[in-house]
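> sequence and computational prediction follow.
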Amino acid sequence: MSTQLPKQTEESSETETETEPAVASKGDDRRAEKRRRADEKRRQRQAEEAEKAAADEETVELKVFRYDPEVEGKQEPRFDTFHVPFTKGMTVLDALMYSRDTYDSSLTFRHSCRQAICGSDAMFVNGGQKLACKTQISDLDQPIRVEPLPHADVTKDLVVDLEHFYDQMEAVEPYFQTNDLPDGELEEQRQTRENREKVKMSTRCIWCSACMSSCNIAAGDNEYLGPAAINKAYRFAMDEREGEDIKQKRLEIIEQEHGVWRCQTQFSCTEVCPKDIPLTEHIQELKREAVKNNLKFW
């Protein structure tokens, strides 16, 4: 029996050692408390920084024209105010899209390419005709006032009826015509570099109607062709490939009572053109061509 007692004592000692819980030292407690306080301070600092960033966030104030003839309660024109977070390079179109997507999905306006090519988003911004996709927010005074193009019937919000504008454009037959075709079947219709340079600026028209909207004559004379249509007539009348007989036909269209002679050389169309076309100069040159065309020498 004396030989078995030490063995039992040894086993009992091992069992007690395995089941005895570890006791944390005071140093461990201090380190854990220090980590907890550091985490709490970090979270508090992040919250303060986020709150400060939100307070310092630069916003843009938009006052947008609203009108919907089909919805009761919205048939009276009004202005709605939207506050949009500003980002570098933001355009008026960007701000309108944010307002529509964030605040009011019923906000209606035209847009397509966003590259000043389609001409669909011409609007009246801070008192001037501009392309929304080309106009930088940073260049405008706030609040930014966005309205539909003047001198056109409003369909809804910032959308206007352009049917009359398109009719005037079609009236000048805005397409290439010629009776002088090349002899060879695959031969191209050549144009001199000088003639190309002459008509180059007139080809930039994107049919946005900004010039028509700015024209006081067009506002008072519904039959006036307008600067855009006359510019389109200039583009083809001055193209040497069409021939004199076609040019004569075009001059007869633009020298009518409601053609080039109604222009009073106010340059408003030239000032608002987003493609920098010298519209007034083109109209004056067509006036000179019309005079020469009617001169008779006996």
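Happy to help now that I have it.
> where does pLDDT dip in the chain?
Along the chain, segments meeting pLDDT under 70 span 1-26, 49-56, 296-298.
> strands along the stretch 101-250 of the chain, start to end?
Along the stretch 101-250 of the chain, counting by DSSP state E, counting those that start in this stretch, strands occupy 122-125, 128-131, 144-147, 154-156, 159-160.
> so how far is the host helix or strand of Val64 off the chain centroid?
Element membership of Val64, judged by DSSP states H and E, is strand 59-66. The chain centroid and the centroid of strand 59-66 are separated by 15 Å under C-alpha atoms, centre = their mean, to the nearest Å.
> now do the buried residues in it.
Across strand 59-66, burial judged by 16 or more other C-beta atoms under 10 Å covers Val60, Leu62, Lys63, Val64, Phe65, Arg66. All C-beta atoms are positioned from the backbone trio N, CA, C, and that covers glycine.
> how about stretch 145-160?
Those would be 145-149, 151-152, 154-160, for stretch 145-160 by 16+ other C-beta under 10 Å.
> now for these: which two are most distant?
Arg145 and Thr155 (19.6 Å; C-beta to C-beta).
> against Arg35, how distant is the closest residue to Cys263 other than its chain neighbours?
When the adjacent residues along the chain are set aside, Cys263 lies closest to Ile283, with 4.8 Å between them (C-beta to C-beta, 6 or more residues apart in numbering). Going from Ile283 to Arg35 by C-beta to C-beta, to the nearest Å gives 79 Å.
> separation between the residue lying closest to Ala219 once chain neighbours are set aside and Gln129?
Nearest non-adjacent residue to Ala219, counting by C-beta to C-beta, 6+ apart: His151, 4.3 Å away. With distances taken as C-beta to C-beta, His151 is found 10 Å from Gln129.
> so what sits against both of these two?
The contact sets of His151 and Gln129 overlap at Ser213 (C-beta atoms under 8 Å, 6 or more residues apart in numbering).
> contacts only, for the spatially most central residue of the chain.
Centrality entry for the chain: nearest residue to the mean C-alpha point is Cys133, 1.6 Å, by C-alpha atoms, centre = their mean. Residues in contact with Cys133 (C-beta under 8 Å, 6+ apart) are Thr91, Val92, Leu93, His111, Cys113, Arg114, Gln115, Ala116, Asp121.
> give the contact list for the last one.
Right, the one you point to is Asp121. Asp121 touches Leu93, Phe109, Arg110, His111, Ser112, Leu131, Ala132, Cys133, counting by C-beta under 8 Å, 6+ apart.
> if we can go back for a sec, quick one: closest of the strands of the stretch 101-250 of the chain to Cys215.
Here strand 128-131 is closest among those (C-beta to C-beta), at 10.0 Å.
> buried stuff in that closest one?
Quick answer for strand 128-131 (16+ other C-beta under 10 Å): Gln129, Lys130, Leu131.
> state the three-state secondary structure for the residue nearest to Cys263.
When classified by DSSP: H, G, I helix; E, B strand; the rest coil, Ile283 comes out as helix.
> and it, how far is that from Cys211?
11 Å.
> now for the two: what residues contact both?
Jointly contacting Ile283 and Cys211 under the rule C-beta under 8 Å, 6+ apart are Pro227, Asn231.
> these two - which one has more neighbours?
Between Ile283 and Cys211, counted using other C-beta atoms under 10 Å, the more crowded position is Cys211 (29 against 24).
> just the buried residues of strand 128-131 now: which is nearest Pro227?
The nearest member of the buried residues of strand 128-131 to Pro227, counting by C-beta to C-beta, is Gln129 at 11.7 Å.
> the closest one touches Glu147, doesn't it?
No. The pair Gln129 / Glu147 is not scored as a contact, 10.2 Å apart, by C-beta atoms under 8 Å.
> common neighbours of those two, please.
Counting by C-beta under 8 Å, 6+ apart, the residues touching both Gln129 and Glu147 are Met123.
> of the contacts of Cys133 - the most surrounded one?
Highest count within the contacts of Cys133 by other C-beta under 10 Å belongs to Val92, 26 neighbours.
> the closest residue to that residue other than its chain neighbours and Arg31: what is the separation?
Spatially, and ignoring its direct neighbours in sequence, Val92 is nearest to Ala132 (4.2 Å; C-beta to C-beta, 6+ apart). According to C-beta to C-beta, Ala132 stands 60 Å off from Arg31.
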